[in-house]
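Undergrad: Sequence first, predicted model second:
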Amino acid sequence: MVALRPARIIAIAAVTGAFLLPLAWTGLAAVGVLPDDSTRPPSWTGPPTLDHIAEIGVAEPTFWQELATSTLAAILAACLTVAVAFPAAFALARSRFRGGRTATQVFLVLASLPVMAYVIPLADLSSRVHLIDTFAGITLAEAAVTAPLAVFVLHGAVAQLPPEWEEAAVIDGAGLVRILGGVVLPLIAPSVAATLVVMFVLDWNMLLVPLVLTSGAVKTVPVALSDFFTFERELDWPTAAAALMVSLAPLAVLVGVFHRVLESFALQAPGGRDIG
Amino acid sequence: MRLTRRDRLLLFAPLAILLGGWLVGPALVGLGATLTTYSPLTTAVAFAGWQNYTDVLHDPQFGEAARNVAIFTLVAVPLELGLGFGVAYLLRRPFRGRSWWRGLLLLPWLVSPIATGVMWHYLFGGATGILNFVLGWLGQPEVASPIGDVRLALAATIAIEVWRMAPFVTFLLLPGLVAIPEERWEQATLVGASWFRRIVNVALPEVAPLMLTVGMLLTGLSLGAFDTILILTGGGPGTATLTPALYSYDRAFVTNDWPSGAASAWLIAGCVAVVGTVYIRVSARWSR
């Protein structure tokens, strides 16, 4: 730990303030504290109230149900992503073959590929195998979208691990499953947890995939928000702000609880220097 | 440990099934379908060659969309990288509560793209927004929301994207900056290097590979810019903020012109593939 110079403390505070100001504005509106820009100088109106949170349910009666759908789909999709990405990342890190480096980078390119590039045929195929409007269909598709990024991050975590741990386990006669679950997984647990949190955030916020894979029977919060505003229904700003804050709250709490663990989320450039 | 062929197959199989069924598979099926007259609504399918692609490329609307997304990407990505790096640089030395602070700074990225659009719709306009509040304090007259102005709409969407993504860039770059050994900074201080020299000679060479990786992610995501713009402007006013992704969505799901939608979506994928190849080449050269 070093003592920071005052100039840096001021700079950090100013940057944080600038980035968080729009959210603070929204947060105030959610509890009914609104500016009045028509007076000179602008003034603030309204005593704080929690009424607007109750109004969400009036404007969008199924909002709380959509919140539950979003949460469950994001939890399952994040777990599925990590469950399939971890073994593949391990195999990728522990096999020496020509082009192994490139293979890892192809996963990053896949992670950068916009969902729009493949979602149109995905919607068509899903409707043909009757996965449209099903919870499973949305969860599986969300898991697939985030899987390449998880492979890239977990590959970096495994690659930094000295192979001696596994070799010792092999000598003890451990099989593949025991090595993966009993040796490697505990050693990179912080990276796995951080990946789970980031995947949850990505799944929770995903719009396009659930939007085209449902006609309304299974709705997540982003889809509900998009429906609400595309059909030209005007919502009161305080109610909209309350809905935004409620849908942000779970993520904020998650990141708050796991802030230390999230330091292990690192995009390692394969073959590059350690950035751990 | 030594993995046998069978081990590797077992370890890759679950991922292969998931990606094959829900990502790579549909993408390739879509590519095949765009070379025909296929559409989910028709039964007669004939080979069409590149016809769908030439149709899209000759559509002036798609041209506008391509121009917009080029500007969007070329302006937003460097700003996100620069701003994200700057904030990460401020946070590079450990202090009490830094990891907590880092989480706090991530908040804008936690707001979903769709919620971001809804939020800025109100913040930019109306009698309760930030813009007119600040202008009011400065004694300036009220202005109309920039998202309704043909000349300002694209700039406004870029500013919003940078607001949301720069914190994520900070989050991704910080581990790289923290890993730079303390001696490197001390050496630079001893020879009297200015803060600018320290950034150019100490920080940037160390985080360059990481920045390349983050730049790849940002470029791909910018080329597919969709969610926030859909809710904020829907591509308007006119075609001022139309992007190829919005164009594809509109063709495939709104006007039911499936072949154009799928073909234009594949053009986005093609662009990302080109950027990806450049990324792999550059990264291979750097690590040599």
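TA: Yes, it's here. Nothing here was measured: the structure is a model prediction, and the numbers come from that model.

Undergrad: pLDDT weak spots in chain B?
TA: B:1, B:288 (pLDDT under 70).

Undergrad: If we ignore the residues flanking it in sequence, what's nearest the residue of it found nearest chain A?
TA: Nearest to chain A, among the residues of chain B, is B:G224, at 2.0 Å (C-beta to the nearest C-beta). Every residue, glycine included, has its C-beta placed from N, CA and C. Setting aside the residues directly before and after it, B:G224 is nearest to A:P114 in space (C-beta to C-beta, 6 or more residues apart in numbering or on different chains), at 2.0 Å.

Undergrad: before we move on, what SS does the one you found have?
TA: Under DSSP: H, G, I helix; E, B strand; the rest coil, A:P114 falls in the coil class.

Undergrad: Tell me how many other residues crowd it.
TA: 24 (other C-beta atoms under 10 Å in any protein chain shown).

Undergrad: List phi and psi for it.
TA: Per-residue torsions, A:P114: phi -60, psi 140 (degrees, to the nearest 10).

Undergrad: Which residues are in contact with it?
TA: The contact partners of A:P114, by C-beta atoms under 8 Å, 6 or more residues apart in numbering or on different chains, come to B:220-221, B:223-224, B:226, B:245, B:268-269, B:272.

Undergrad: can you name the farthest residue from the center of chain A?
TA: A:R40 (42.0 Å; C-alpha atoms, centre = their mean).

Undergrad: Just say helix, strand or coil for that one.
TA: coil.

Undergrad: ok so, going back, so the residue of chain B closest to chain A touches A:M116, yeah?
TA: Yes - taking contacts as C-beta atoms under 8 Å, B:G224 lies within contact range of A:M116: 5.1 Å.

Undergrad: joint contacts of the two?
TA: Counting by C-beta under 8 Å, 6+ apart, the residues touching both B:G224 and A:M116 are B:244-245, B:268.

Undergrad: Out of those residues, which are close to chain A?
TA: B:244-245, B:268 (C-beta under 8 Å from any C-beta of the partner chain).

Undergrad: so of the residues you listed, which ones are in helices?
TA: B:244-245, B:268 (DSSP state H).

Undergrad: can you tell me which of these lies nearest to A:I188?
TA: Nearest to A:I188 among those is B:I268, at 33.9 Å by C-beta to C-beta.

Undergrad: Any figure for the gap between the closest one and B:A65?
TA: Here B:I268 is placed at a distance of 10 Å from B:A65 (C-beta to C-beta, to the nearest Å).

Undergrad: hey, what's in contact with both of these two?
TA: Joint contacts of B:I268 and B:A65 (C-beta under 8 Å, 6+ apart) are B:P244.

Undergrad: For the stretch 51-200 of chain B, which segments count as strands?
TA: Assigned by DSSP state E, counting those that start in this stretch, the stretch 51-200 of chain B shows no strands.

Undergrad: Surely A:R260 and B:R98 touch.
TA: No - with contacts counted by C-beta under 8 Å, A:R260 stays clear of B:R98, the gap being 10.4 Å.

Undergrad: which of those two has more neighbours?
TA: Under the criterion of other C-beta under 10 Å, the comparison of A:R260 against B:R98 puts B:R98 first, with 19 against 14.

Undergrad: mind listing what the more buried one touches?
TA: Applying C-beta under 8 Å, 6+ apart, the residues near B:R98 are B:L91.

Undergrad: Repeat that for B:V178.
TA: Per C-beta under 8 Å, 6+ apart, neighbours of B:V178: B:92, B:94.

Undergrad: Now tell me which helix or strand of chain A has the poorest mean pLDDT.
TA: Taking mean pLDDT, DSSP states H and E as the measure, chain A has strand A:43-45 as its least confident helix or strand, at a mean of 79.

Undergrad: Run through who's touching that one.
TA: A:33-36.

Undergrad: Mind checking which of the residues you listed are in helices?
TA: Among the contacts of strand A:43-45, no member falls in helices (DSSP H).

Undergrad: Any buried residues in stretch B:207-225, and which?
TA: B:207, B:209-225 (16 or more other C-beta atoms under 10 Å in any protein chain shown).

Undergrad: so who does the closest residue in space to A:L67 that isn't next to it in sequence touch?
TA: Nearest residue to A:L67, sequence neighbours excluded (C-beta to C-beta, 6+ apart): A:V221, at 5.9 Å. Applying C-beta under 8 Å, 6+ apart, we find A:V221 in contact with A:63, A:66-67, A:70, A:204, A:247, B:112.

Undergrad: go with 7 Å
TA: Applying C-beta atoms under 7 Å, 6 or more residues apart in numbering or on different chains, one finds that A:V221 lies in contact with A:66-67, A:70, A:247.

Undergrad: pLDDT, neighbour count and secondary structure added to the residues you listed, as JSON lines?
TA: Listed next are these as JSON lines, based on pLDDT from 0 to 100; neighbours: other C-beta atoms under 10 Å in any protein chain shown; DSSP: H, G, I helix; E, B strand; the rest coil:
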{"residue": "A:E66", "pLDDT": "91", "neighbour count": "19", "secondary structure": "helix"}
{"residue": "A:L67", "pLDDT": "91", "neighbour count": "19", "secondary structure": "helix"}
{"residue": "A:S70", "pLDDT": "93", "neighbour count": "25", "secondary structure": "helix"}
{"residue": "A:S247", "pLDDT": "91", "neighbour count": "26", "secondary structure": "helix"}
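
Undergrad: CSV please, covering those and showing distance to A:A11.
TA: Listed next are the contacts of A:V221 as CSV, based on distance: C-beta to C-beta, whole Å:
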residue, distance to A:A11
A:E66, 40
A:L67, 37
A:S70, 36
A:S247, 31
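
Undergrad: ok, of those residues, which one's closest to chain B?
TA: A:S247 (6.3 Å).
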